[in-house]
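[1] fold the following for me, if possible:
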Amino acid sequence: MKALQFVEQDDAQVRGLDVPAIAADEVLIAARRVGVCHSDIDLLEGRYIIPFSYPIIPGHEWSGEVAAVGSDVTDFAVGDRVVGECVIGDDHFGFSISGAAAEYFVAKPAWLHRLPDELDWAAGALVEPFSVAYNALLRAGNVDASDVLVVLGAGPIGLAATAAAAALGATTIVVEPTEERRRIARQLGATEAVHPDEAQATVDRLSGSRGADVVIECSGHPAVMAIALELAGFRARVAYVGIDVGRSATAQLGLIQSKELSITGSIGSPGVWPQTLRFLAKSGIDLSPLITHVFGVDEALDALATAHLKEGVIKAQIELSAAAPVAQA
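    Model prediction:
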C-alpha cells in the first residue's frame, strides 16, 4: 500500500508499506479522504503536545470504508462507511500512534462512528475539525436565534463554528483580516464578516450596543484572545478553542468580573461525536467551501506543502481510492 510517513523530523515520504495485519478486536480501514491539519506540520517539525516518535503516519481527520474486521468484532462489517475519533485515552491517533494517511490503516471499533448517508467522503473528513468547533458552542451553552455571536478567526475551526452558529440561528459576526476567508464565512452563513478594525462597531450595531452574547475565540493569537473579553457583553459566554501555548498578551481581566462573564476552554471533542454527526446530517450544512485543495496519495507531499501556506488555503485533503474490502479477518 502507499502511505504518507514521517520518517524523521522534517523528512516526509510517500512510501510503499505492507498492508497492516489486524488483531481479533481490530478493524482494517480503507481510507477515502484525509485532511491535512496544521498540527500535522507541527508533528513533522518535531512539535506536539504529547510524546511521540518517528516513523509515524499522520492523519487524524479522515473518512473511510471498513475493509476487514477481526473475528471478535460485531459492531461493524465490511463495507461500512466510517469516521473515527482521534483522542483515545493517552494516545492521539495520527500523532502518538499511526493515523489514516495511508491506503489502509488499523482502528479499534470503540473509536469509530458510522458516517451518515447525508455526508460524502469529503464531508466525513471534516467531521473532526467540525466537532471541535461544535464542542466549543456546546460548552458555551444554549446558542440560539436570540444571540449575537462573534467568531474570532476564520481558519477551518472558525469557519466550522460559523456554519454551526448560523445553523443554530444566531446572528453571527466573523472577525477575520483576510478578505477571502471573510467571503467563505459569508457563504457559510455569517450575518457579517468584517476586518478586525470594524469588529467593535459591528458588534455595537447588531447588538444594540449591549455587546456580544457569545464570543468563540478560534484564532489562538493571545492579543485576539484578550479582545474577546472586550467584545463580550454583560453576562456573555466566552469560549476559547484556538490553541496557544506559551505566548502572552495584556488583557483586561477585570472585565471577567465586571461583566460577569462565563468563560470556557475546550480542546478536541471528546464525547460529542454522535451528537455532531446527527447535527451535520440533519442541519444540511454544506462544509465543502472549506476544502480548497485536493491531492492524490502520490501528491501527499504537495498537500503538506500547500497546507503550510496561509494565503488561499483553508483545508487541503488527500483523496485515496485503494481497492475496497480485502477480506474477513
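[2] gap between residue 116 and residue 103?
    Residue 116 sits 24 Å away from residue 103, going by CB to CB, to the nearest Å. Glycine gets a C-beta too; all of them are placed from N, C-alpha and C.
[3] so which of these two has more stuff around it?
    For residue 116 and residue 103, the more surrounded residue by other CB atoms under 10 Å is residue 103, and the numbers stand at 21 against 16.
[4] wait, that one touches residue 297, no?
    Yes - counting by CB atoms under 8 Å, residue 103 touches residue 297, with 6.7 Å between them.
[5] shared neighbours of these two, which are they?
    Common neighbours of residue 103 and residue 297, using CB atoms under 8 Å, 6 or more residues apart in numbering, are 2-3, 320.
[6] want to try a markdown table for the residues you listed, with distance to residue 157 as columns?
    Formatted as a markdown table, these follow (distance: CB to CB, whole Å):
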| residue | distance to residue 157 |
| --- | --- |
| 2 | 29 |
| 3 | 27 |
| 320 | 24 |
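[7] which of those residues lies closest to residue 64?
    Of all the shared contacts of residue 103 and residue 297, residue 320 has the smallest distance to residue 64: 8.1 Å, by CB to CB.
[8] list the neighbouring strands of the helix or strand hosting residue 64 plus their orientation.
    Using DSSP states H and E, residue 64 sits within strand 61-69. Strand pairing for strand 61-69, determined by DSSP bridges: strand 27-36 (antiparallel), strand 81-84 (antiparallel).
[9] need the longest helix for the chain.
    For the chain, the helix with the greatest residue count under DSSP state H is helix 127-140.
[10] and that helix, how far from the chain's centre?
    Between the centre of helix 127-140 and the centre of its chain there are 8 Å (CA atoms, centre = their mean, to the nearest Å).
[11] tell me which of the strands paired with strand 61-69 is the most buried.
    Highest mean neighbour count of the strands paired with strand 61-69: strand 27-36, a mean of 27 (counted as mean count of other CB atoms under 10 Å).
[12] which residue is nearest the centroid of the chain?
    residue 129 (1.2 Å; CA atoms, centre = their mean).
[13] check contacts around the residue lying closest to that residue once chain neighbours are set aside.
    Spatial nearest neighbour of residue 129, excluding adjacent residues (CB to CB, 6 or more residues apart in numbering): residue 156 at 4.9 Å. Residues counted as contacts of residue 156 (CB under 8 Å, 6+ apart) are 37, 129, 290, 314-315.
[14] can you give the domain ranges for this protein?
    Using automatic domain parsing, the domain parsing of the chain gives 2-126+287-319, 132-265.
[15] fine by me, we can end here.
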